[in-house]
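A.B. asks: Got a sequence here, can you build the structure:
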Amino acid sequence: MYFGPKQEALVKQYLHNRDPQFYQDHIHKLLRKIAYGMSGKMNMKPVSLYQSPVVRHNCATHLWEQLLLNYNPDSGRAYSYLTRVAHNYYC
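C.D. replies: The predicted model follows:
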């Protein structure tokens with residue numbers, strides 16, 4: 001499991017302090033895993049487009065923006081929110 005209670009706590013900590021180094025060390029890896037996982041799971045065509053490194057990177061960037069601007073840690077799990085955002089991004 002790559003996104004459990006420990007990672008949920010890391011997201012909350014990042015949202016509280018917004019430290020760039022903390023983001024690079026912990027949060028960026030989580031967002032990339034979600035972006036890469038969703039791009040492979042959805043089987044969108046053409047595969048060369050939806051599974052390209054640039055599109056996956058842009059999805060991770062979009063996840064970061066939505067995490068900072070729209071996610072409310074008190075309203076639910078970060079993993080659920082971020083996977084829904086990634087799904088909508090690829091659609």
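A.B. asks: Is the residue most central in space within the chain within a helix or a strand, and which one?
C.D. replies: For the chain, the residue nearest the mean C-alpha position is residue 31 (3.1 Å; Cα atoms, centre = their mean). According to DSSP states H and E, residue 31 maps onto helix 28-41.
A.B. asks: Could you do residue 64 as well?
C.D. replies: Element membership for residue 64, per DSSP H and E: helix 53-69.
A.B. asks: That helix - contacts with which helices or strands?
C.D. replies: When contacts are defined as 3 or more Cβ pairs under 8 Å, 6 or more residues apart in numbering; DSSP states H and E, helix 53-69 packs onto helix 5-17, helix 28-41, helix 78-90. (Glycine included, C-beta is placed from N, CA and C.)
A.B. asks: Can you lay out the ones you listed as JSON lines showing distance to residue 65?
C.D. replies: As requested, the helices and strands packed on helix 53-69 are exported to JSON lines (distance: least, Cβ to Cβ, whole Å):
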{"stretch": "helix 5-17", "distance to residue 65": "13"}
{"stretch": "helix 28-41", "distance to residue 65": "10"}
{"stretch": "helix 78-90", "distance to residue 65": "9"}
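A.B. asks: picking up where we left off before, list the buried residues of the helix holding residue 31.
C.D. replies: Across helix 28-41, burial judged by 16 or more other Cβ atoms under 10 Å covers 28, 30, 31, 34, 35, 36, 38, 39.
A.B. asks: Of those residues, just say which sits nearest to residue 69.
C.D. replies: Within the buried residues of helix 28-41, the smallest distance to residue 69 is 14.0 Å, found for residue 31 (Cβ to Cβ).
A.B. asks: Next up, the contacts around the closest one.
C.D. replies: Residues near residue 31 by Cβ atoms under 8 Å, 6 or more residues apart in numbering: 60, 63, 64, 67, 82.
A.B. asks: about what we covered before: pLDDT averaged over the helix holding residue 64 - what is it?
C.D. replies: Helix 53-69 comes out with an average pLDDT of 96.
A.B. asks: what sits against residue 28?
C.D. replies: Residues counted as contacts of residue 28 (Cβ under 8 Å, 6+ apart) are 60, 64.
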